[in-house]
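A predicted structure for the sequence below; I have some questions about it.
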Amino acid sequence: MNHFGLLTLIHNAALLLAMFFIYDAAATRSRSISHSLWAIFSGIAMGLVGIVIMLTPWEYAPGIIFDARSVLLGISGLFFGTIPTLIAMLITATLRFFQGGDESVIIGILVIFTSGTLGIAWRYYRQKPLSALSFGEIYLFGFGIHGVMLALMFVFPWDEALAVLSNISLPILLIYPLITSTLGMLFVHRLRRNQNEAALQESEFLFRSQFDLGSIGIAITHPDKGWLRVNPRFCKMLGFSEKELLCLSWPELTHPDDLHLELHQYDRMLISESDGYSLDKRFIGKDGQSVYAHMTISCYRVDGAVQFVIAGILDTTDSKHAEDKIRARKEQLTSVLSGSDLGFWDWNIEANTVQRNARWAEMLGYSFAEIDNDNIINTDGIHPDDCEAVWQSVTDHLEGRTAQHKIEYRRRTKQGEYKWILDCAKIVNYGQDRRPLRMSGTHTDITDRKLAEESMQLASMVYQNSQEAMTVTDSNGNIITTNPAFTKMTGYGAAEITGKSHKVIVSKEQDKRVYQRMEIALKSTGHWRGEINCCHKNGENYIVLLGINSIYNKDRSLHRRVAQFYDITDRKKSEKIIWRQANFDNLTGLSNRHMFHERLIHERNKAERRGLGVALLFLDLDRFKAVNDTLGHDMGDLLLIDVAQRLRNCGRKSDLVSRFGGDEFTLILGGLKNTQCVERVAQKILRELSEPFLLGGQNIYITPSIGITLYPEDGKDSGMLLKNADQAMYSAKEKGRNCYHYFTSAMQARAQRRGQLANDLRHALKNNQLELYYQPIVELASGKICKAEALIRWHHPELGMVSPAEFIPVAEETGTIIEIGDWVFRQAVDQVAQWRLEYHDDFQISINKSPVQFREGGSDITSWLEHLLALGLPGQAVVIEITEGLLLDGSRIVMDKLLAFRDSGIGVSLDDFGTGHSSMSYLRKFHIDNLKIDQSFVRDLNAHSDNMVLCEAIIIMAHKLGMKVIAEGIETEEQRSLLSAAGCDYGQGYLFSKPLPEDAFSRLLLGHSQVM
């Protein structure tokens, strides 16, 4: 082969570089051009390159020409595929046919079809992807093609073929396989670059998703310490909004005690003494509290200057507060720094020495001087889990089982960390016996790539295995992908939901305004969080907490949206139940005391802002206890339910009706300009409740007592308003019940007086301030004083004489009535014992007893009876006066005490008969001895009055039942005469005598006995 032929072949090889540009254009073509069209275009382009190559051949002999068409078509079949290669084969074969040359035409066409076919076959029947092709494999491929091409020379006569082969075999097999492998590696590198770009795009998408949705704080700052970008987790960690944080710098929010240390490390990083650092520090949150964090900081440099700093922040506040018992592992985010420098090593196998370059040392954190003396090959720095695999790879190559030593493993740096290394090497020198003498290779730091792969794998695992439903949508809101949790939550599989609008899962009941606010927020801020009503595939509605974040392209156009769904249906139901239980009465459905207090405060504040008034009505059912005692608590509950319904109909829709407790109800009337509507509501309540209640087939009548207080006239404090309304309600009861009463300042003064009385009454007995007065009870037929009623009086050191009508209710409320009642009994009994000796041995004393003394925890009547016995008095010397209300109690304790009086001979008088709920069955059941006609019937008594008729009826009834009758309040001779004529047994009143102290009453008895 002459020099011209060699230059021609080299010139042909250079033309082959046009294939790479055709391949690069095909790889970056517009997606709007179909693959088939590009295949045809590529085939024609390569056919034209083949024509150019064939028009400048090396002509070995007339008709026998050589060029690089075999390289062109072999590489085309391997990398471009069937259609482009067939087109190129047809074009070049046609040209070769017209070039002529007897048998050489056949050889030329066979070379064209053989090389192209071998390339196509190798493409489709090899096991590895094209990007994994090695230099050696492509070289072997080129060698095979051109070996076949040379074999085709035997189409010529044998002598001529041998002559041709002897001259061209060496240059052909030397140059063309090398050109083939060199050109092939260009294509391989182009494929690998495409794959890396796709992986980087996917990694960027997943990183941005983790930035917005991750569980650690991420902050990117300018070298001047101002924040450039912060993620939602970091904002939540410090309690600031993103906008607030971006207006601050990290030194402003760093705890003063931690700032100096961090600034020192930060400045070292800025002047290139380090590329990053990690530390524990404290931030100052928006609420002023310290937020403990572990931070990992890395910087990104361009030409040695820091462009930005990225920090990964892990909130360690809980672990710090738990005295660092559990120390969380810190995630580190490092900037991906580009670089292609390779570490080189050269191993002398026989001497077992190795030489390394400076980049190898730098890669592992050493200086070149530190590794210059380390000239022995060993595996000490390789991760223990990787050692065996590394040595096996080296051994396999040394023993000829592999064409190359190539493996990825972890190697320890000077700092004790591990880096991932791609180690590639080949034997470059053999001895005469094919014994390996020298092996050379490169180290590539692939730590960033491995971390990226791990991050992508982790992100994919998190996405697929998350218990939270997630979706990724395109810029039009159409679903691209979902995770299994989404299918479980919605019922829609990935295949049936992909490509559809996310609105398909939204319930038709969803408020459109919420959707509109969501879209506005996404357009303005890129994220939104709130509650949405969704519809399951089976039609069942449920509620989710939805969080949406946007991912943008470099031009800030919308790329993707990532959504997370949390099913909060059960939580919302529980909250609703808890809220209702906390704010509503279970029996009546009215608001309860808790809601009442909140609403009263709300109405008071609203009224204060608007200059309006508020009315509070406090309502109590009169003698409700009698209903429970006679009909049972079930009927009582039904009555309360009916009362609640009627009260709802009495107020306005804006008014709040509450059950305050027991048989107490409240109404809050807000926004009042005047009190006219208050009057109307109160009157309507009286009318509504005056209608009978049907309970258990009976018509039951119940009346209310209503107290009314006004804001701001009666008070501005909610507690004061409630207290005033309660006092006004009691005033309504004192007025006779079934009415309403407004709170007044006089009521306040009376309440304060009651408080003073309650306090002073506790010391009255000890300080001898109590005294018994006695009023005679006269036998009307004879005028003889046969009995006396003991009446208590209180000589208050400051207030003077306090009426029993005023202090007895206070004593009953405070419980001091028990002690006072025992004292009254013993004083009266001691006195009657004396009078029976001095005046008459049948004299009898009447003692008033409170219902409180008969209930559980009341007076011990056994001690009373023992006292009588100690004085030698029979039971007939004492009469116990009770009220009709006590008979309605009906408890076993009350019954037992009354029967004990009967068994001991003590008489029982029913006081104020006719003013309460009298019942014949009670009179028979408790064996009442005396009825006392209330003075309200006697006061206006005359011969033809209704009161006279009532008195006569009471007297007749009592005598029929074997009871005596005592008339109270007799003040005139006419009253005495009429009652005596009607058969009344005894009389009591100012006509005979007012209540007298003991000594004055004794003189009255003495004088009366002398007259008699």
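Cool, the structure landed. Numbers count the residues shown, from 1 in each chain.

so where's the stretch 201-350 of the chain uncertain?
201-215, 321-341 (pLDDT under 70).

all strands for it, in order.
Along the stretch 201-350 of the chain, counting by DSSP state E, counting those that start in this stretch, strands occupy 217-221, 227-230, 276-284, 290-302, 305-315, 343-348.

and the first one, C-alpha only, in CSV?
So that's strand 217-221. Provided in CSV are the C-alpha atoms of strand 217-221 (Å, rounded to 0.1, in the frame of the first residue of the first chain):
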residue,chain,number,x,y,z
GLY,A,217,-36.1,23.1,56.7
ILE,A,218,-34.1,24.3,53.7
ALA,A,219,-32.7,27.8,53.3
ILE,A,220,-30.7,29.3,50.4
THR,A,221,-28.8,32.5,51.3
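
contacts for it?
211, 227-231, 233-234, 237, 249-250, 293, 308-315, 333 (C-beta atoms under 8 Å, 6 or more residues apart in numbering). Quick note: C-beta positions are derived from backbone N, CA and C, even for glycine.

need the strands of the stretch 201-350 of the chain in CSV (columns: mean neighbour count and distance to G1007).
Below are these laid out as CSV (neighbours: other C-beta atoms under 10 Å; distance: least, C-beta to C-beta, whole Å):
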stretch, mean neighbour count, distance to G1007
strand 217-221, 20, 102
strand 227-230, 18, 104
strand 276-284, 17, 95
strand 290-302, 19, 92
strand 305-315, 19, 97
strand 343-348, 17, 136
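
for the ones you listed, which one sits closest to L118?
Set against L118 and scored by C-beta to C-beta, the strands of the stretch 201-350 of the chain come closest in strand 343-348, at 35.8 Å.

now that closest one, how far from the centre of its chain.
60 Å (C-alpha atoms, centre = their mean, to the nearest Å).

cool, stretch 655-674 as well?
Counting by C-alpha atoms, centre = their mean, stretch 655-674 comes out at 34 Å from the chain centroid.

how about that stretch: buried residues?
Under the neighbour-count criterion of 16 or more other C-beta atoms under 10 Å, stretch 655-674 has 655-660, 663-670, 672 buried.

so E973 makes contact with L991?
Yes. If you go by C-beta atoms under 8 Å, E973 and L991 touch, sitting 6.9 Å apart.

neighbour-wise, which of those two wins?
Neighbours per residue (other C-beta atoms under 10 Å) separate E973 from L991, with L991 holding more: 15 against 9.

give me the distance between that one and I112.
Distance, L991 to I112, using C-beta to C-beta, to the nearest Å: 152 Å.

please, where are all the helices along the stretch 651-800 of the chain?
Ranges of helices in the stretch 651-800 of the chain, per DSSP state H, counting those that start in this stretch, are 676-690, 718-734, 745-764.

the strand or helix carrying S909 pairs with which strands?
S909 belongs to strand 907-913 when assigned by DSSP states H and E. In the sheet, strand 907-913 lines up against strand 878-883 (parallel), strand 930-933 (parallel) (DSSP bridges).

kindly reformat those as a markdown table containing mean pLDDT, mean neighbour count and distance to L437.
Below are the strands paired with strand 907-913 laid out as a markdown table (pLDDT from 0 to 100; neighbours: other C-beta atoms under 10 Å; distance: least, C-beta to C-beta, whole Å):
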| stretch | mean pLDDT | mean neighbour count | distance to L437 |
| --- | --- | --- | --- |
| strand 878-883 | 90 | 21 | 126 |
| strand 930-933 | 90 | 25 | 136 |
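
which one of those lies closest to V71?
Of these, the one closest to V71 (C-beta to C-beta) turns out to be strand 878-883, at 126.3 Å.

who's in contact with E838?
S1002, L1005, L1006.

same deal with T117?
G77.

can you verify it is assigned to a helix?
Yes. According to DSSP: H, G, I helix; E, B strand; the rest coil, T117 belongs to a helix.

quick one: low-confidence residue ranges for the stretch 51-200 of the chain.
Scanning the stretch 51-200 of the chain with the threshold set as pLDDT under 70 gives 56-67, 101-104, 127, 196-200.

what do you get if the cut-off is 50, keeping everything else the same?
Residues of the stretch 51-200 of the chain that meet the criterion pLDDT under 50 lie in 63.
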